[in-house]
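Peer 1: Okay, here's the prediction I keep looking at, along with the sequence it came from:
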Amino acid sequence: MEPTSGLEPLTPFAKTWARILKKAGIEDLRLHDLRHNFESVSASLNLSLPLIAKMLGHTQTVTTERYAHLADNPVQSAAEEVGRVLSERMKNSAKSRH
């Protein structure tokens, strides 16, 4: 038996993760899914890729770019927000004329 550093987990992580999911009533969730979701939300909040990379421990922003998919289409979201603001301004303008 080889000596250990004392930093090894007492139980394999896969078993611990399975027990956590079972207790939470979640059937299928990978840690990678959580990281990917964190990355997508960070990108949708317009956080910079270097910042997201640092939070996730990526040494290359290329890695972050590959996985930082936005939850929603950012062009559509931006267009909808601009449309909402313009609509409000038009309503306010029409009210002030009467």
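Peer 2: Yep, that arrived.

Peer 1: Outside of the strand or helix carrying Val82 itself, list whatever touches it.
Peer 2: Using DSSP states H and E, the element containing Val82 is helix 74-97. Residues from elsewhere that reach helix 74-97 (C-beta atoms under 8 Å, 6 or more residues apart in numbering): Ser44. C-beta coordinates here come from the backbone N, C-alpha and C atoms, glycine included.

Peer 1: For that helix, buried residues please.
Peer 2: When burial is assessed from 16 or more other C-beta atoms under 10 Å, helix 74-97 yields no buried residues.

Peer 1: i'd like the first residue to be 885 from this point on
Peer 2: Shifting the count to begin at 885 puts that one at helix 958-981.

Peer 1: Convert the C-alpha atoms of it to PDB, please.
Peer 2: Output of helix 958-981 as PDB, limited to C-alpha atoms (Å, rounded to 0.1, in the frame of the first residue of the first chain):
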ATOM      1  CA  PRO A 958     -28.400  38.200 -27.000                       C
ATOM      2  CA  VAL A 959     -29.300  40.000 -30.200                       C
ATOM      3  CA  GLN A 960     -33.000  39.200 -29.700                       C
ATOM      4  CA  SER A 961     -32.800  40.200 -26.000                       C
ATOM      5  CA  ALA A 962     -31.200  43.500 -26.800                       C
ATOM      6  CA  ALA A 963     -33.700  44.300 -29.600                       C
ATOM      7  CA  GLU A 964     -36.600  43.500 -27.200                       C
ATOM      8  CA  GLU A 965     -35.100  45.800 -24.500                       C
ATOM      9  CA  VAL A 966     -34.700  48.600 -27.000                       C
ATOM     10  CA  GLY A 967     -38.200  48.100 -28.300                       C
ATOM     11  CA  ARG A 968     -39.600  48.200 -24.700                       C
ATOM     12  CA  VAL A 969     -37.800  51.500 -24.000                       C
ATOM     13  CA  LEU A 970     -38.900  53.000 -27.300                       C
ATOM     14  CA  SER A 971     -42.500  51.900 -26.600                       C
ATOM     15  CA  GLU A 972     -42.400  53.600 -23.200                       C
ATOM     16  CA  ARG A 973     -41.000  56.800 -24.600                       C
ATOM     17  CA  MET A 974     -43.700  56.900 -27.300                       C
ATOM     18  CA  LYS A 975     -46.400  56.400 -24.700                       C
ATOM     19  CA  ASN A 976     -45.000  59.100 -22.500                       C
ATOM     20  CA  SER A 977     -44.700  61.500 -25.500                       C
ATOM     21  CA  ALA A 978     -48.300  60.800 -26.500                       C
ATOM     22  CA  LYS A 979     -49.500  61.500 -23.000                       C
ATOM     23  CA  SER A 980     -47.600  64.800 -22.800                       C
ATOM     24  CA  ARG A 981     -49.300  66.100 -26.000                       C
END
